[in-house]
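A.B. asks: Provided below for reference: sequence and predicted model.
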Amino acid sequence: MNTVSPYILLSAILFSMGVIGFLTRRNAIMIFMSVELMLNSANLAFVAFAHQWGQLDGQMFVFFVMAVAAAEVAVGLALIVTVFRSKKSANVDDLHQLKG
Amino acid sequence: MTSELIVFIVLAIISVLAAVGLLSSRNAVYAALFLILNFATVAVLYLMLNAPFLAIIQISVYAGAIMVLFLFVIMLLGAERLNQAAPQPGLRWQRPLAIGLGALLLIQAAYVFITRFNSTTVAPNLIQAGPMEIGLKLFGPYLLPFEVTSILLLVAIIGAVVLTREK
(Lines give C-alpha, C1' and ligand atoms only; values in the text may rest on other atoms or scores of the structure.)
Protein backbone atom coordinates (compact mmCIF):
# COMPACT_ATOMS: atom_id res chain seq x y z
CA MET A 1 0.00 0.00 0.00
CA ASN A 2 1.56 3.29 -0.99
CA THR A 3 -1.17 5.41 0.56
CA VAL A 4 -2.25 5.78 4.16
CA SER A 5 -5.91 6.60 3.52
CA PRO A 6 -7.15 3.15 4.70
CA TYR A 7 -5.52 3.81 8.07
CA ILE A 8 -7.13 7.24 8.27
CA LEU A 9 -10.50 5.74 7.37
CA LEU A 10 -10.14 3.09 10.09
CA SER A 11 -9.19 5.84 12.53
CA ALA A 12 -12.35 7.78 11.62
CA ILE A 13 -14.49 4.66 12.10
CA LEU A 14 -12.99 3.94 15.53
CA PHE A 15 -13.35 7.59 16.57
CA SER A 16 -17.03 7.65 15.58
CA MET A 17 -17.65 4.45 17.53
CA GLY A 18 -15.98 6.04 20.53
CA VAL A 19 -18.25 9.07 20.17
CA ILE A 20 -21.35 6.85 19.99
CA GLY A 21 -20.22 4.92 23.08
CA PHE A 22 -19.48 8.13 24.94
CA LEU A 23 -22.95 9.50 24.21
CA THR A 24 -25.05 6.37 24.70
CA ARG A 25 -23.55 4.55 27.69
CA ARG A 26 -24.64 5.58 31.19
CA ASN A 27 -21.85 3.99 33.23
CA ALA A 28 -18.94 6.33 34.01
CA ILE A 29 -16.35 3.56 33.50
CA MET A 30 -17.75 2.76 30.05
CA ILE A 31 -17.66 6.46 29.19
CA PHE A 32 -13.98 6.56 30.13
CA MET A 33 -13.26 3.52 27.99
CA SER A 34 -14.96 5.22 25.05
CA VAL A 35 -12.70 8.23 25.59
CA GLU A 36 -9.71 5.87 25.49
CA LEU A 37 -11.00 4.47 22.19
CA MET A 38 -11.18 7.99 20.74
CA LEU A 39 -7.66 8.90 21.94
CA ASN A 40 -6.36 5.67 20.45
CA SER A 41 -7.92 6.35 17.06
CA ALA A 42 -6.42 9.84 17.07
CA ASN A 43 -3.04 8.23 17.78
CA LEU A 44 -3.53 5.93 14.80
CA ALA A 45 -4.17 8.95 12.57
CA PHE A 46 -1.03 10.66 13.93
CA VAL A 47 1.15 7.63 13.18
CA ALA A 48 -0.38 7.28 9.72
CA PHE A 49 0.38 10.91 8.89
CA ALA A 50 3.91 10.55 10.26
CA HIS A 51 4.36 7.61 7.90
CA GLN A 52 2.90 9.55 5.01
CA TRP A 53 5.28 12.51 5.33
CA GLY A 54 8.34 10.56 6.48
CA GLN A 55 8.61 12.72 9.61
CA LEU A 56 8.91 11.67 13.24
CA ASP A 57 6.88 14.56 14.68
CA GLY A 58 3.57 12.72 14.45
CA GLN A 59 5.02 9.88 16.52
CA MET A 60 6.22 12.37 19.14
CA PHE A 61 2.65 13.65 19.44
CA VAL A 62 1.46 10.09 20.02
CA PHE A 63 3.98 9.92 22.85
CA PHE A 64 2.51 13.00 24.52
CA VAL A 65 -1.08 11.90 23.91
CA MET A 66 -0.28 8.64 25.72
CA ALA A 67 1.15 10.56 28.70
CA VAL A 68 -1.92 12.81 28.85
CA ALA A 69 -4.20 9.76 28.59
CA ALA A 70 -2.40 8.11 31.51
CA ALA A 71 -2.79 11.25 33.64
CA GLU A 72 -6.45 11.58 32.65
CA VAL A 73 -7.19 7.97 33.51
CA ALA A 74 -5.50 8.26 36.92
CA VAL A 75 -7.51 11.34 37.91
CA GLY A 76 -10.73 10.14 36.28
CA LEU A 77 -10.71 6.75 37.96
CA ALA A 78 -9.96 8.43 41.30
CA LEU A 79 -13.05 10.59 40.71
CA ILE A 80 -15.14 7.51 39.86
CA VAL A 81 -13.97 5.74 43.04
CA THR A 82 -14.88 8.79 45.13
CA VAL A 83 -18.30 9.14 43.49
CA PHE A 84 -18.98 5.41 43.86
CA ARG A 85 -18.18 5.63 47.57
CA SER A 86 -20.77 8.34 48.20
CA LYS A 87 -23.47 7.37 45.65
CA LYS A 88 -22.99 3.56 45.54
CA SER A 89 -23.37 3.81 41.77
CA ALA A 90 -21.29 4.71 38.72
CA ASN A 91 -24.31 5.84 36.71
CA VAL A 92 -23.81 9.37 35.44
CA ASP A 93 -27.57 10.07 35.62
CA ASP A 94 -27.28 9.91 39.41
CA LEU A 95 -24.84 12.84 39.41
CA HIS A 96 -27.30 15.60 38.66
CA GLN A 97 -26.54 17.65 41.75
CA LEU A 98 -23.26 19.39 42.48
CA LYS A 99 -22.78 18.26 46.05
CA GLY A 100 -21.38 15.17 47.68
CA MET B 1 -3.96 -7.52 -3.79
CA THR B 2 -0.77 -7.19 -1.81
CA SER B 3 -0.13 -9.13 1.35
CA GLU B 4 0.10 -5.86 3.32
CA LEU B 5 -3.44 -4.95 2.28
CA ILE B 6 -4.74 -8.38 3.33
CA VAL B 7 -3.10 -8.04 6.76
CA PHE B 8 -4.52 -4.54 7.11
CA ILE B 9 -8.07 -5.66 6.24
CA VAL B 10 -7.96 -8.55 8.73
CA LEU B 11 -6.62 -6.27 11.49
CA ALA B 12 -9.17 -3.56 10.69
CA ILE B 13 -12.04 -6.06 10.90
CA ILE B 14 -10.73 -7.37 14.25
CA SER B 15 -10.34 -3.87 15.69
CA VAL B 16 -13.79 -2.71 14.55
CA LEU B 17 -15.39 -5.89 15.93
CA ALA B 18 -13.56 -5.32 19.22
CA ALA B 19 -14.94 -1.77 19.33
CA VAL B 20 -18.46 -3.12 18.65
CA GLY B 21 -17.96 -5.58 21.49
CA LEU B 22 -16.83 -2.74 23.75
CA LEU B 23 -19.95 -0.71 22.95
CA SER B 24 -22.43 -3.59 23.30
CA SER B 25 -20.93 -5.45 26.26
CA ARG B 26 -23.09 -5.90 29.35
CA ASN B 27 -20.12 -6.65 31.60
CA ALA B 28 -17.47 -4.01 32.29
CA VAL B 29 -14.67 -6.60 32.53
CA TYR B 30 -15.52 -7.99 29.07
CA ALA B 31 -15.64 -4.43 27.74
CA ALA B 32 -12.14 -3.76 29.11
CA LEU B 33 -10.84 -6.97 27.52
CA PHE B 34 -12.37 -5.98 24.17
CA LEU B 35 -10.61 -2.62 24.48
CA ILE B 36 -7.30 -4.41 25.13
CA LEU B 37 -7.86 -6.47 21.96
CA ASN B 38 -8.49 -3.24 20.05
CA PHE B 39 -5.27 -1.72 21.43
CA ALA B 40 -3.28 -4.83 20.45
CA THR B 41 -4.53 -4.71 16.84
CA VAL B 42 -3.72 -1.00 16.65
CA ALA B 43 -0.21 -1.81 17.94
CA VAL B 44 0.25 -4.21 15.01
CA LEU B 45 -0.95 -1.44 12.68
CA TYR B 46 1.78 0.79 14.21
CA LEU B 47 4.31 -1.90 13.28
CA MET B 48 3.04 -1.80 9.69
CA LEU B 49 3.44 2.00 9.72
CA ASN B 50 7.15 1.82 10.63
CA ALA B 51 6.65 2.73 14.28
CA PRO B 52 8.01 -0.29 16.21
CA PHE B 53 8.85 1.66 19.36
CA LEU B 54 5.34 3.11 19.58
CA ALA B 55 3.90 -0.37 19.06
CA ILE B 56 5.75 -1.65 22.12
CA ILE B 57 4.77 1.45 24.10
CA GLN B 58 1.17 0.90 23.04
CA ILE B 59 1.23 -2.65 24.42
CA SER B 60 3.12 -1.88 27.64
CA VAL B 61 1.58 1.47 28.59
CA TYR B 62 -1.92 1.35 27.08
CA ALA B 63 -2.83 -2.31 27.12
CA GLY B 64 -0.64 -2.91 30.16
CA ALA B 65 -0.67 -0.07 32.64
CA ILE B 66 -3.81 1.89 31.76
CA MET B 67 -6.11 -1.08 31.22
CA VAL B 68 -4.81 -2.80 34.37
CA LEU B 69 -5.83 0.37 36.20
CA PHE B 70 -9.29 0.11 34.62
CA LEU B 71 -9.68 -3.56 35.53
CA PHE B 72 -8.39 -2.87 39.04
CA VAL B 73 -10.98 -0.14 39.61
CA ILE B 74 -13.80 -2.23 38.11
CA MET B 75 -13.00 -5.15 40.38
CA LEU B 76 -12.33 -2.92 43.39
CA LEU B 77 -15.74 -1.31 43.09
CA GLY B 78 -17.50 -4.55 42.12
CA ALA B 79 -19.14 -2.55 39.33
CA GLU B 80 -18.75 -5.11 36.57
CA ARG B 81 -22.51 -5.65 36.17
CA LEU B 82 -23.65 -2.89 33.87
CA ASN B 83 -27.36 -2.99 34.57
CA GLN B 84 -28.73 -1.01 31.69
CA ALA B 85 -30.97 1.14 33.82
CA ALA B 86 -33.66 2.76 31.74
CA PRO B 87 -32.70 6.35 31.01
CA GLN B 88 -34.59 9.03 32.81
CA PRO B 89 -37.91 9.88 31.13
CA GLY B 90 -36.73 13.20 29.81
CA LEU B 91 -33.60 11.68 28.24
CA ARG B 92 -35.17 8.93 26.13
CA TRP B 93 -34.51 10.78 22.87
CA GLN B 94 -30.77 10.88 23.60
CA ARG B 95 -29.78 7.43 22.38
CA PRO B 96 -31.13 7.59 18.79
CA LEU B 97 -29.90 11.16 18.50
CA ALA B 98 -26.40 10.12 19.65
CA ILE B 99 -26.26 7.21 17.19
CA GLY B 100 -27.48 9.46 14.36
CA LEU B 101 -24.95 12.17 15.14
CA GLY B 102 -22.12 9.61 15.43
CA ALA B 103 -23.03 8.15 12.03
CA LEU B 104 -23.15 11.66 10.58
CA LEU B 105 -19.67 12.39 11.99
CA LEU B 106 -18.36 9.16 10.47
CA ILE B 107 -19.83 9.93 7.04
CA GLN B 108 -18.45 13.46 7.08
CA ALA B 109 -14.96 12.42 8.24
CA ALA B 110 -14.85 9.57 5.73
CA TYR B 111 -15.89 11.91 2.91
CA VAL B 112 -13.20 14.46 3.80
CA PHE B 113 -10.47 11.85 4.23
CA ILE B 114 -11.29 9.99 1.03
CA THR B 115 -11.51 13.13 -1.10
CA ARG B 116 -8.49 14.90 0.42
CA PHE B 117 -5.96 12.18 1.12
CA ASN B 118 -6.57 9.60 -1.58
CA SER B 119 -4.11 11.13 -4.04
CA THR B 120 -1.22 11.74 -1.67
CA THR B 121 1.26 8.88 -1.59
CA VAL B 122 3.74 7.92 1.08
CA ALA B 123 6.93 9.97 1.21
CA PRO B 124 9.90 8.10 -0.28
CA ASN B 125 12.21 8.69 2.69
CA LEU B 126 10.82 5.96 4.93
CA ILE B 127 11.71 6.34 8.59
CA GLN B 128 12.50 3.57 11.04
CA ALA B 129 11.48 5.05 14.37
CA GLY B 130 13.50 3.03 16.82
CA PRO B 131 14.18 4.09 20.41
CA MET B 132 17.29 6.07 19.38
CA GLU B 133 15.52 8.28 16.84
CA ILE B 134 12.60 8.86 19.24
CA GLY B 135 15.01 9.68 22.07
CA LEU B 136 16.99 12.15 19.98
CA LYS B 137 13.75 13.94 19.05
CA LEU B 138 12.39 13.78 22.59
CA PHE B 139 15.43 15.33 24.25
CA GLY B 140 16.16 17.70 21.37
CA PRO B 141 13.35 19.75 19.82
CA TYR B 142 10.68 18.36 22.17
CA LEU B 143 12.51 18.91 25.46
CA LEU B 144 10.09 21.54 26.82
CA PRO B 145 6.91 19.49 26.13
CA PHE B 146 8.66 16.52 27.73
CA GLU B 147 9.31 18.47 30.94
CA VAL B 148 5.76 19.85 30.94
CA THR B 149 4.50 16.27 30.63
CA SER B 150 6.45 15.29 33.73
CA ILE B 151 4.79 18.13 35.68
CA LEU B 152 1.39 17.00 34.32
CA LEU B 153 2.01 13.46 35.55
CA LEU B 154 3.10 14.79 38.97
CA VAL B 155 -0.14 16.81 39.20
CA ALA B 156 -2.14 13.72 38.22
CA ILE B 157 -0.43 11.65 40.94
CA ILE B 158 -1.18 14.28 43.58
CA GLY B 159 -4.76 14.64 42.32
CA ALA B 160 -5.40 10.90 42.46
CA VAL B 161 -4.03 10.69 46.01
CA VAL B 162 -6.02 13.71 47.23
CA LEU B 163 -9.28 12.61 45.58
CA THR B 164 -9.28 9.08 46.98
CA ARG B 165 -8.14 10.03 50.48
CA GLU B 166 -10.49 8.90 53.23
CA LYS B 167 -11.87 11.86 55.09
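C.D. replies: Received, thanks.
A.B. asks: what's B:L153 in contact with, if anything?
C.D. replies: Contact analysis of B:L153 by C-beta atoms under 8 Å, 6 or more residues apart in numbering or on different chains lists A:67, A:70-71. For every residue, glycine as well, the C-beta is placed using N, CA and C.
A.B. asks: Any chance of those residues in TSV with pLDDT and secondary structure as columns?
C.D. replies: Shown next, in TSV, are those (pLDDT from 0 to 100; DSSP: H, G, I helix; E, B strand; the rest coil):
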residue	pLDDT	secondary structure
A:A67	92	helix
A:A70	91	helix
A:A71	92	helix
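A.B. asks: Make a PyMOL selection of the buried ones in those residues.
C.D. replies: Command for PyMOL that selects the buried part of the contacts of B:L153, burial taken from 16 or more other C-beta atoms under 10 Å in any protein chain shown:
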select buried, chain A and resi 67+70+71
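A.B. asks: List the buried residues in stretch B:19-26.
C.D. replies: Going by 16+ other C-beta under 10 Å, stretch B:19-26 has these buried residues: B:19, B:21-23, B:25.
A.B. asks: Next: stretch A:55-68.
C.D. replies: Within stretch A:55-68, the residues scored as buried using 16+ other C-beta under 10 Å are A:56, A:58-64, A:66-67.
A.B. asks: So is stretch B:3-19 next to chain A?
C.D. replies: Yes - remark: stretch B:3-19 sits within contact range of chain A at B:4-5, B:8, B:12, B:15-16, B:19, by C-beta under 8 Å from any C-beta of the partner chain.
A.B. asks: For that stretch, give me every contacting residue.
C.D. replies: With C-beta under 8 Å, 6+ apart as the test, stretch B:3-19 has contacts from A:1, A:6-7, A:10, A:13-14, A:17-18, A:37, B:34-35, B:37-38, B:41-42, B:44-45, B:48.
A.B. asks: Can you say which of these are buried?
C.D. replies: A:6-7, A:10, A:13-14, A:17-18, A:37, B:34-35, B:37-38, B:41-42, B:44-45, B:48.
A.B. asks: returning to what we had before: return the subset of the contacts of stretch B:3-19 lying in helices.
C.D. replies: Judged by DSSP state H, those include A:6-7, A:10, A:13-14, A:17-18, A:37, B:34-35, B:37-38, B:41-42, B:44-45, B:48 as members of helices.
A.B. asks: What segments of chain A are helices?
C.D. replies: Using DSSP H, helices in chain A cover A:5-24, A:28-53, A:57-87.
A.B. asks: For B:I134, find the nearest of the ones you listed.
C.D. replies: Smallest distance to B:I134 across those (C-beta to C-beta): 6.7 Å, for helix A:57-87.
A.B. asks: near chain B, anything from that closest one?
C.D. replies: Yes - judged by C-beta under 8 Å from any C-beta, helix A:57-87 comes into contact with chain B at A:57, A:59-60, A:62-64, A:66-75, A:77-82, A:84.
A.B. asks: Can you check what angle separates that helix from helix A:28-53?
C.D. replies: In terms of direction (axes from the mean of the first three to the mean of the last three C-alpha atoms, to 10 degrees), helix A:57-87 departs from helix A:28-53 by 180 degrees.
A.B. asks: buried sites along stretch A:42-56?
C.D. replies: Quick answer for stretch A:42-56 (16+ other C-beta under 10 Å): A:42-52, A:56.
A.B. asks: chain center to it: distance?
C.D. replies: The chain centroid and the centroid of stretch A:42-56 are separated by 18 Å, computed with C-alpha atoms, centre = their mean, to the nearest Å.
A.B. asks: How about stretch B:137-146?
C.D. replies: Distance, stretch centre to chain centre, for stretch B:137-146: 23 Å (C-alpha atoms, centre = their mean).
A.B. asks: Same question for stretch A:58-74.
C.D. replies: With C-alpha atoms, centre = their mean as the basis, stretch A:58-74 stands 10 Å off its chain's centre.
A.B. asks: contact partners of that stretch?
C.D. replies: By C-beta under 8 Å, 6+ apart, stretch A:58-74 touches A:32, A:35-36, A:39, A:42-43, A:46-51, B:51, B:53-54, B:57-58, B:61-62, B:65-66, B:69-70, B:129, B:134, B:137-138, B:142, B:145, B:149, B:152-153, B:155-157, B:159-160.
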